[in-house]
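In: Need a 3D model of the sequence below.
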Amino acid sequence: MKNFRKITGAFILVFLLAGGFIFAQDKAITANQLPKTARTFLASHFKGINVGSAIEDREIYGVDEYQVYLANGMKVEFDSKGNWKEVDGKHQKLPYGFIPVSIRNYAAKNFPNTHIVKIEKERWSYKAELSNGLDLEFDRNGNFKKIDD
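Out: The predicted structure is shown next:
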């Protein structure tokens with residue numbers, strides 16, 4: 001009986017893992033299928049730049065995130081509600097309108113000949129990459145914490 005339970009448990013585990021891989025899929029969508037918050041963000045901060053492609057990352061429980069590739073090569077990641085998580089300029093200067101003022105000011109004051117080319121918003125912090133390759137970390141209020149190696 002113990003062996004039967006072990007075998008049954010192993011089959012259930014394999015089925016659940018396989019099911020996760022089967023149901024977790026990326027799906028190409030149009031820009032109009034993005035959440036309204038994401039569409040508004042793109043229209044406000046990337047005005048005149050077309051969406052090259054958009055991908056909906058689905059997990060078993062629903063949409064996990066959206067990845068948007070812009071015609072100028074930049075990439076924007078949104079959470080399931082359409083809030084930005086990461087903006088990667090692919091070495092191009094990012095528009096600064098959505099970046100917290102304290103982060104913009106710190107970068108401009110301490111690294112005047114650079115610009116922000118990538119920013120990530122995490123639960124408790126921000127990470128900003130500068131055009132000179134430095135990675136700066138800030139707390140969730142935009143206060144400088146450290147230079148990340």
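
In: Low-confidence regions, the protein specifically.
Out: Judged by pLDDT under 70, the chain has its weakly predicted residues at 1-24, 149.

In: Skipping adjacent residues, who's closest to Lys121 in space?
Out: The shortest distance from Lys121 to any residue that is not its chain neighbour, by C-beta to C-beta, 6 or more residues apart in numbering, is 5.8 Å, and that residue is Lys85. For every residue, glycine as well, the C-beta is placed using N, CA and C.

In: Spit out the contact partners of Phe41.
Out: Residues in contact with Phe41 (C-beta atoms under 8 Å, 6 or more residues apart in numbering) are Val76, Phe78, Gly82, Trp84, Phe98.

In: do the same with Gly73
Out: Applying C-beta under 8 Å, 6+ apart, the residues near Gly73 are Lys90, Gln92.

In: Likewise for Asn72?
Out: Residues near Asn72 by C-beta under 8 Å, 6+ apart: Ile49, Gln92.

In: try it again with 6 Å
Out: By C-beta atoms under 6 Å, 6 or more residues apart in numbering, the residues touching Asn72 are Ile49.
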